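In: sharing a model that was predicted from the sequence below.
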Amino acid sequence: MKAIWNDTVIAESTDTVVIEGNHYFPHESIKKEFYKPSETHSVCPWKGKAHYYTLDVNGKQNADAAWFYPEVSELAKGIKNRVAFWKGVDVVAS
């Protein structure tokens, strides 16, 4: 799978986990130069506390467009430290 935003591949992996329709990419598969830490957090009752990244690609920013769970509940252990996307990021088959 590939995650694409602003005509740029920002993550690519053959090992994604799909939860609630979102592909979660291994953290090592993201292209870190496009990710800036965000102060935003949210809480999912069954997954835990999400942390966000703002994407910065070719001079454009997409605030909080990627998220991950550094600590998860037992139910969500398969997505610990994996990154998912929304806000216009296209996730397509490689």
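Out: Done, it's in.

In: can you get me the start-to-end distance on stretch 80-89?
Out: Distance across stretch 80-89, first residue to last, is 21 Å (C-alpha to C-alpha, to the nearest Å).

In: let the chain start at 863 from now.
Out: With the count now opening at 863, the last piece we talked about shows up as stretch 942-951.

In: show me where the chain has its strands.
Out: Under the criterion DSSP state E, the chain contains strands at 864-867, 870-874, 879-881, 884-888, 897-906, 910-919, 922-930, 944-947, 952-954.

In: figure out which of these is closest to E936.
Out: Closest to E936 of the strands of the chain is strand 910-919 (C-beta to C-beta; 10.2 Å). C-betas here are computed from N, CA, C, even on glycine.

In: by contact count, what packs against that closest one?
Out: Strand 910-919 sits against strand 870-874, strand 897-906, strand 922-930, with contacts defined as 3 or more C-beta pairs under 8 Å, 6 or more residues apart in numbering; DSSP states H and E.

In: adding distance to H885, mean neighbour count and mean pLDDT, write those out as a markdown table.
Out: Shown next, in a markdown table, are the helices and strands packed on strand 910-919 (distance: least, C-beta to C-beta, whole Å; neighbours: other C-beta atoms under 10 Å; pLDDT from 0 to 100):
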| stretch | distance to H885 | mean neighbour count | mean pLDDT |
| --- | --- | --- | --- |
| strand 870-874 | 9 | 19 | 98 |
| strand 897-906 | 16 | 12 | 97 |
| strand 922-930 | 12 | 18 | 98 |
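
In: need the ones you listed in TSV (columns: distance to H889).
Out: Converted to TSV, the helices and strands packed on strand 910-919 look like this (distance: least, C-beta to C-beta, whole Å):
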stretch	distance to H889
strand 870-874	9
strand 897-906	10
strand 922-930	7
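
In: Y886 contacts N943, doesn't it?
Out: No. Assessed by C-beta atoms under 8 Å, Y886 is found out of contact with N943, at 9.2 Å.

In: need the residues touching each of those two.
Out: Residues touching both Y886 and N943 by C-beta atoms under 8 Å, 6 or more residues apart in numbering: F930.

In: the more surrounded of those two?
Out: Neighbour totals were compared for Y886 and N943, and Y886 leads with 25 against 14 (other C-beta atoms under 10 Å).
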